[in-house]
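> sequence and predicted structure below; questions after.
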Amino acid sequence: MPEPSETTTTQRPLDADAFSRYAVRDPLEIARLLKALIEKRLLLTAFVDGGESFITLTLAVTDDGAVIVDACPDEMGNAKAGDAARLVCATRLDNVKLQFALETPTRINHAGKPALRAALPESIIRLQRREFYRLPTPQAEPLVCVITCASDDGRRREVEVRIVDISGGGLAVLVPPRELPFEPGTEYNQCSLRLPDGNPLPVSLKVRNLFEVVKANGVKVRRAGCEFIGLSNQATARIQRYMFKLERDQRTREDY
């Protein structure tokens, strides 16, 4: 099935089912993203039951698991929003499209002004063009993938490759000098991604490109860009969790 396209949905909410593999479901991560919207005062487009829309702001995330957004500017629109079964809110955070649904919002007063309150969303779609969303893996704790293949004599062997960056759609690895024939189009269907947060993750890879990199010491190394094949929603979610942790760790180091 073709990858869903964001370009056809710029004037209406994304189909949550079609983009479910990009959904963040960890409550702590959902709260963090919403608080980032508050901190940066980013405008949201709120769609009332998937139809009419208005511009709003995320005002607060409460300790009891609710989110508060600014009310619609006009009273008639605010009444519709308060009676809606769902508000679908969309924005961009650091060039990443975010979309989440607020179920059965309630009209309230917040800091003396009209607002809308709803339970914390169960998920947030976090969508970015995958080719631009790569995270380098830490050198201190190298991330590796073990590829199982057949040798020239027919025996099965395992080759460990170092991962240099990872995204939701694939990864780049250092090409071993002789062990594997890395060529564009080559598929490896028995791979084990060794993430630090649990058991090895079975994946299939397809080599998309090869390129040469000159390191700071002048040594030339070859890298291969590989695409995940047939990645399940569960595997995608686990890779995303790992990427979120990488981002948090990077931000923590930058703060010190």
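Thanks, I have the structure now. This is a predicted model, so every value here is computed, not measured. Residues are numbered from 1 along each chain as shown.

> ramachandran angles for residue 239?
For residue 239, the backbone dihedrals (degrees, to the nearest 10) come out as phi -60, psi -40.

> contacting residues around it?
Contacts for residue 239 (Cβ atoms under 8 Å, 6 or more residues apart in numbering) come out as 166, 168, 193, 195, 201, 231. Every residue, glycine included, has its C-beta placed from N, CA and C.

> what about 7 Å?
Applying Cβ atoms under 7 Å, 6 or more residues apart in numbering, one finds that residue 239 lies in contact with 166, 168.

> now do it against residue 137, distance only.
Using Cβ to Cβ, to the nearest Å, residue 239 is found at 12 Å from residue 137.

> what residues are shared contacts of those two?
Contacts common to residue 239 and residue 137, judged by Cβ under 7 Å, 6+ apart, are residue 166.

> quick check: residue 161 touching residue 143?
No: applying Cβ atoms under 7 Å, one finds residue 161 not in contact with residue 143, separated by 10.1 Å.

> confirm residue 196 sits in a helix?
No: under DSSP: H, G, I helix; E, B strand; the rest coil, residue 196 falls outside any helix and is assigned coil.

> give the closest residue to it in space, chain neighbours not counted.
Once flanking residues are discounted, residue 196 sits nearest to residue 141: 6.8 Å by Cβ to Cβ, 6 or more residues apart in numbering.

> and for residue 97?
Take residue 97 and drop its neighbours on the chain: the residue closest to it by Cβ to Cβ, 6+ apart is residue 127, 4.4 Å away.

> count of residues packed around that neighbour?
The number of residues packed near residue 127 is 21, by other Cβ atoms under 10 Å.

> tell me the pLDDT at it?
We have a pLDDT of 78 for residue 127.

> all strands of the stretch 1-150 of the chain, in order?
23-24, 43-48, 53-61, 66-70, 86-93, 96-103, 106-110, 113-119, 124-127, 135-136, 143-150 (DSSP state E, counting those that start in this stretch).

> can you pull the buried residues of the fourth one?
By neighbour count, and taking 16 or more other Cβ atoms under 10 Å as the criterion, the buried residues in strand 66-70 are 67-70.

> show me the residues around the residue nearest to residue 97 that make contact.
Per Cβ under 7 Å, 6+ apart, neighbours of residue 127: 6, 19, 22, 96-97.

> cool, and residue 70?
Listed by Cβ under 7 Å, 6+ apart, the contact set of residue 70 reads 56-57, 59, 115.

> and residue 248, how far from residue 29?
Note on residue 248: its distance to residue 29, by Cβ to Cβ, is 9 Å.

> between these two, who's got more neighbours?
Neighbour comparison, residue 248 and residue 29: the larger count goes to residue 29, with 18 against 12 (by other Cβ under 10 Å).

> and the gap between residue 68 and residue 24?
Residue 68 sits 20 Å away from residue 24, going by Cβ to Cβ.

> any low-confidence regions in the stretch 1-150 of the chain?
1-12, 18, 128-133 (pLDDT under 70).

> hang on, I meant the stretch 151-256 of the chain
For the stretch 151-256 of the chain (pLDDT under 70), the answer is 152, 177-179, 215, 253-256.

> show me where it has its helices.
233-255 (DSSP state H, counting those that start in this stretch).
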